[in-house]
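1. My questions concern the predicted model and sequence given below.
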Amino acid sequence: MKGHNTIPMNEDYYLPHKATYPIVGSIGLTTLLVGFANQLNGHAIGSTLMLAGTAILVFMMAGWFSEVIRESLAGNYNHQVDISFRMGMIWFITSEVFFFAAFFGALYYTRIYAVPWLAGEGAFESTGELLWKGFQNVWPTNGPDSIGGVGPEGHFEPMGAWGIPAINTLILLSSGATVTWAHWGLYANNRRQLIIGLIATVALGFLFVFLQAMEYHEAYTEMGLTLGTGIYGSTFFMLTGFHGLHVTIGAIFLLVVLLRSLRGHFGHDNHFAFEAAAWYWHFVDVVWLGLFIFVYWL
Amino acid sequence: MSASAATHDDHHDDHHDDHGPAKGFMRWVYTTNHKDIGTLYMITSLIMFMIGGAMALVIRLELFEPGMQYVDPGFFNQMTTLHALIMVFGAVMPAFAGMANWMIPIMIGAPDMALPRLNNWSFWLLPFGFVMLASTLFMEGGAPAAGWTLYPPLVLQTGDSFPFTIFTIHILGISSIMAAINIITTVLNMRAPGMTMMKLPLFVWTWVITAFLLIAVMPVFAGAVTMLLTDKYFGTSFFNAAGGGDPVLYQHLFWFFGHPEVYILILPSFGIISQIIPTFARKPLFGYSSMVYATASIGLLSFVVWAHHQYTVGMPIAGELYFTYATMLIAVPTGVKVFNWISTMWRGSMTFETPMLFAIAFVMLFTMGGFTGLMMSISPADLQYHDTYFIVAHFHYVLVPGSVFALMAGTYYWLPKWTGYMYDERLGKLHFWLTTISVNVTFFPQHFLGLAGMPRRIPDYAVQFAEFNAWSSVGAFVFGFSQLLFIYIIIKAVRGGQKATDEVWEGASEHGLEWQLPSPPPYHSWITAPFVK
């Protein structure tokens, strides 16, 4: 950063002249999705295309991010560029919030409206009588037809809040603290604190994912609870699954930040990537609290 | 509004930004220049406009007379579905994004968009998405045919094209979100000294609010279609009552996206019209700050009215009442805008060049579309209008003489700035009259068809509807072929003609920074920021 200008000078705003990676990203994403669509349609080529697409995307991200890191280390980015990056990240996280809102919305809608209506509540008494007689408004449910679950009754066991999920809550909250502690280390030019804090955060992140994998394994093998277990299974696995995916992405993000910290890329006033990763991590953390309360607990 | 003269010709120093575009085709693939990317967006939009228009003509050809003549009902439904998806996501949205790219940095005195590489990717996802969508026409079971709203359970019967349709939406969604992030960041962070938020040109303001809407609703749409995907292939029960879900849930999710989406299609139009009318009335915009607040109010209200698209699906009575009143509220800020445009023209020294003609037609015809919207906001009345040609007439009035007219107005208004040449004014006026008359011949009779009970999305109809349908089809073909003239006028202006001045329109330099740059502007404009007083 070249100091904090109050009046932006257009000459100093770094403008790249050639973007070689976006088109690679488009090709990669399209290959991945065309492959996935073929896979879903039962064509053998699907999985090959998906692998190729993923490889291209990984190549694209590695190349694009390295390019930006090189430019950053070369001192090309002034304060105004830094602000652009920050705003970009904030609005990106905002869009992610709304992505999760869609699935939380589905959860609330089914619990507050759809399931009670199916059970004949309020004005829907005759509907309940005629369509799904005897269906009770209880949560968790896999619906009047008992979709999924085990046996002719479609039995399943709901996921309790006070086992692995409670431990995972502690893990994520602690990781939020460790990443902040690392940030303080960065501000104080305390390299050791920065690196230990990041190692702890990344470790806690992957521990979370590992425990969630165990929880999923138990659900599938012992509890009769799968993605196909009616609306409960759908909302449970889609919400926690997308969250787990975001934890994984966030942990990889933090791992990259850790590796960059080891190489001394960040200064106390120049560490956008660190802060972006930390913001992302806190976002993942807050979503988890919502999940813990509304998916596991209540 | 004025700026110091530091513009184009004082940057021939040794600055690293000082060079022109690269050579050859790869210039367009690798470009980070906001004008290049804007041009790419607009060319794509024009191509998609013609493809989507051709599909509309297939629809109108079949509906020219009762009975089944040219296409089978399945293909007819594929046409209505693809026509809508292509026009919304392929024609109108990219056209606005193109104009935003071209004009926002110039209008706020920025050297380029804030995140140029991301800008490149926002565009270059689009062609891939559209090729994927178009390829569905050739798949087993044909293209998606359940309507652009993709309602389950019907949409779950789509053949092989189903996952391709969903993934197209994901790709287009990612593109829109990235473009929106870029626009907000550019406007908040890249304004020239003195360009305060309350001095922003209205086009910039309306785009900022549009970008907020995009960031909030595109992810919800992505989530909703992901649920469709998992319902079809992974056994989830989101929209399956037997598993405790509800198909109506999809409608709520879709319209939580869909209603702000229709404002995404119209707010930048308001911006364009608010730029054009003051220029040709030779007066400043009447009620600038009320325009800003009205736009923001419309943006906010758009989030809380979505279920007025679902009055007939079955909602608690409190819901019907709430959504009726909330929807009517939107008429207030919209009315503020219409009155402001008229007051801007009041006692102005008006001239009627093509952009102004389109702008005036916009004000009149969009208002008509708005009024039919008001009729349908009343839930008991809507039970009659729902899913008839009345709604088709309504949304085409707000989208064609609304959004599309604003885009045409904007094109004529800024074309001399973009190309450096004046377009052919005589041909422009001819294009205007052909378009305006035919658009009314096409869509006005559809109001009566709908009120008389003709349902939408059907390839055949009762004989009593024959005459109005014939008129509508004739209008549609005249409208469609008139657009070839539009393309000819654009190509002609790109290739040469009378040189445009910097100001282009008499007195325009009072109305925005873009008119203080040369026509066309240099490859890198505002390398030295202007100072806005």
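-> Looks like it arrived, so ask away.

2. Low-confidence ranges, the stretch 151-300 of chain B, go.
-> Nowhere does the stretch 151-300 of chain B drop to pLDDT under 70.

3. Next, count neighbours for the residue nearest to residue B:505 when sequence neighbours are not counted.
-> Excluding its sequence neighbours, the residue lying closest to residue B:505 (CB to CB, 6 or more residues apart in numbering or on different chains) is residue B:279, at 5.3 Å. All C-beta atoms are positioned from the backbone trio N, CA, C, and that covers glycine. Residue B:279 has 25 neighbouring residues, counting by other CB atoms under 10 Å in any protein chain shown.

4. Check the one 10 residues further on too.
-> A count of neighbours around residue B:289, defined by other CB under 10 Å, yields 8.

5. Check residue B:126 too.
-> 25.

6. and it, which of the three is it?
-> helix (DSSP: H, G, I helix; E, B strand; the rest coil).

7. Equivalent analysis for residue A:143, please.
-> From three-state DSSP, the assignment for residue A:143 is coil.

8. so how far is residue B:261 from it?
-> Residue A:143 sits 31 Å away from residue B:261, going by CB to CB, to the nearest Å.

9. Looking at these two, which one has more neighbours?
-> For residue A:143 versus residue B:261, the count of surrounding residues by other CB under 10 Å is larger for residue A:143: 27 against 22.

10. so how far is residue A:132 from that one?
-> For residue A:143, the distance to residue A:132 equals 9 Å [CB to CB].

11. pretty sure residue A:243 is touching residue A:286, no?
-> No: at 10.6 Å, residue A:243 does not count as touching residue A:286 under the criterion of CB atoms under 8 Å.

12. between these two, which one's more packed in?
-> More crowded of residue A:243 and residue A:286, by other CB under 10 Å: residue A:243, with 21 against 14.

13. confidence score at residue A:151?
-> pLDDT, the model's per-residue confidence, is 86 for residue A:151.

14. next one: residue A:123
-> 80.

15. quick one, what contacts it?
-> The contact partners of residue A:123, by CB atoms under 8 Å, 6 or more residues apart in numbering or on different chains, come to residue B:316.

16. returning to what we had before: overlap in contacts of residue A:143 and residue A:132?
-> With CB under 8 Å, 6+ apart, residue A:143 and residue A:132 have common neighbours residue A:118.

17. what pLDDT does residue B:314 get?
-> Predicted confidence (pLDDT) for residue B:314: 83.

18. Correction: the previous question concerned residue B:489.
-> If you check residue B:489, the pLDDT there is 98.

19. The helix or strand in which it is found - contacts with which helices or strands?
-> Per DSSP states H and E, residue B:489 falls inside helix B:466-495. Packing partners of helix B:466-495 (3 or more CB pairs under 8 Å, 6 or more residues apart in numbering or on different chains; DSSP states H and E): helix B:34-62, helix B:405-419, helix B:425-451.

20. Show me the strands in the stretch 201-350 of chain B, by range?
-> In the stretch 201-350 of chain B, no strands are defined using DSSP state E, counting those that start in this stretch.

21. one step back: what residues sit buried inside the helix holding residue B:489?
-> B:468-473, B:475-480, B:482-483, B:486, B:489-490, B:493 (16 or more other CB atoms under 10 Å in any protein chain shown).

22. Just give the closest residue to the most centrally placed residue in chain A, not the sequence neighbours.
-> Centroid-nearest residue in chain A: residue A:246, 1.8 Å away (criterion: CA atoms, centre = their mean). Using CB to CB, 6+ apart and skipping the chain neighbours, the partner closest in space to residue A:246 is residue A:284 (5.1 Å).

23. which SSE is the nearest residue to residue B:219 once chain neighbours are set aside in?
-> Nearest residue to residue B:219 in three dimensions, chain neighbours excluded: residue A:99, at 3.7 Å (CB to CB, 6+ apart). Under the criterion of DSSP H and E, residue A:99 resides in helix A:79-109.

24. helices or strands next to that helix in the packing?
-> Using 3+ CB pairs under 8 Å, 6+ apart, helix A:79-109 sits against helix A:230-262, helix A:272-291, helix B:161-189, helix B:202-233, helix B:247-264.

25. Not counting sequence-adjacent ones, nearest residue to residue B:181?
-> Sequence neighbours aside, residue A:91 is the residue nearest to residue B:181 in space, at 4.4 Å (criterion: CB to CB, 6+ apart).

26. Residue numbers of the stretch 251-400 of chain B in contact with chain A?
-> The stretch 251-400 of chain B comes close to chain A at residues B:252, B:253, B:256, B:316, as judged by CB under 8 Å from any CB of the partner chain.

27. got the angle for the helix holding residue B:489 vs helix B:425-451?
-> Helix B:466-495 and helix B:425-451 are oriented at 150 degrees to each other (axes from the mean of the first three to the mean of the last three CA atoms, to 10 degrees).

28. quick one, what contacts the residue of the stretch 1-150 of chain B found nearest chain A?
-> Ranking the residues of the stretch 1-150 of chain B by distance to chain A (CB to the nearest CB) places residue B:121 first, at 3.5 Å. By CB under 8 Å, 6+ apart, the residues touching residue B:121 are A:19, A:22, A:25, A:26, B:175, B:178.

29. if we can go back for a sec, from the helices and strands packed on helix B:466-495, which stretch is densest packed?
-> Per-stretch averages of neighbours, counted by mean count of other CB atoms under 10 Å in any protein chain shown, single out helix B:405-419 among the helices and strands packed on helix B:466-495, with a mean of 25.

30. what is the orientation angle of that helix with helix B:466-495?
-> Going by the same axes, to 10 degrees, helix B:405-419 makes 10 degrees with helix B:466-495.

31. For the helix or strand harbouring residue A:130, what is the distance to the chain centroid?
-> Following DSSP H and E, one finds residue A:130 within helix A:125-131. Taking CA atoms, centre = their mean, to the nearest Å, one finds helix A:125-131 lying 40 Å from the centre of the chain it belongs to.

32. average pLDDT for the helix or strand following it?
-> Heading C-terminal from helix A:125-131, the first helix or strand you meet, by DSSP H and E, is helix A:164-187. Across helix A:164-187, pLDDT averages out at 97.

33. The helix or strand just after helix A:164-187: which residues count as buried?
-> Under the assignment DSSP H and E, the closest C-terminal helix or strand after helix A:164-187 is helix A:191-222. Of all the residues in helix A:191-222, those buried under the rule 16+ other CB under 10 Å are A:193-195, A:197-209, A:211-212, A:215-216, A:219.

34. Also compute the angle for the helix holding residue B:489 relative to helix B:34-62, please.
-> Orientation of helix B:466-495 against helix B:34-62 (the same axes, to 10 degrees) gives an angle of 150 degrees.

35. show me the contacts for the nearest residue to residue A:153 once chain neighbours are set aside.
-> Excluding its sequence neighbours, the residue lying closest to residue A:153 (CB to CB, 6+ apart) is residue A:146, at 6.3 Å. Residues in contact with residue A:146 (CB under 8 Å, 6+ apart) are A:153, A:154, A:155, A:230.

36. Just give the nearest non-adjacent residue to the second one, would you?
-> To tie it back to what came earlier, the one meant is residue A:154. Nearest residue to residue A:154, sequence neighbours excluded (CB to CB, 6+ apart): residue A:146, at 2.8 Å.

37. Can you mark which positions in the helix holding residue A:130 are buried?
-> By 16+ other CB under 10 Å, the buried positions in helix A:125-131 come out as A:127, A:128.

38. CA atoms only: put it into PDB for me.
-> Output of helix A:125-131 as PDB, limited to C-alpha atoms (Å, rounded to 0.1, in the frame of the first residue of the first chain):
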ATOM      1  CA  GLU A 125     -59.000 -29.500   8.200                       C
ATOM      2  CA  SER A 126     -60.900 -31.100   5.300                       C
ATOM      3  CA  THR A 127     -57.800 -31.300   3.200                       C
ATOM      4  CA  GLY A 128     -56.000 -33.200   6.000                       C
ATOM      5  CA  GLU A 129     -59.100 -35.400   6.300                       C
ATOM      6  CA  LEU A 130     -59.300 -36.200   2.600                       C
ATOM      7  CA  LEU A 131     -55.700 -36.400   1.600                       C
END
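
39. That one - contacts with which helices or strands?
-> Counting contacts by 3+ CB pairs under 8 Å, 6+ apart, helix A:125-131 is packed against helix A:115-118.
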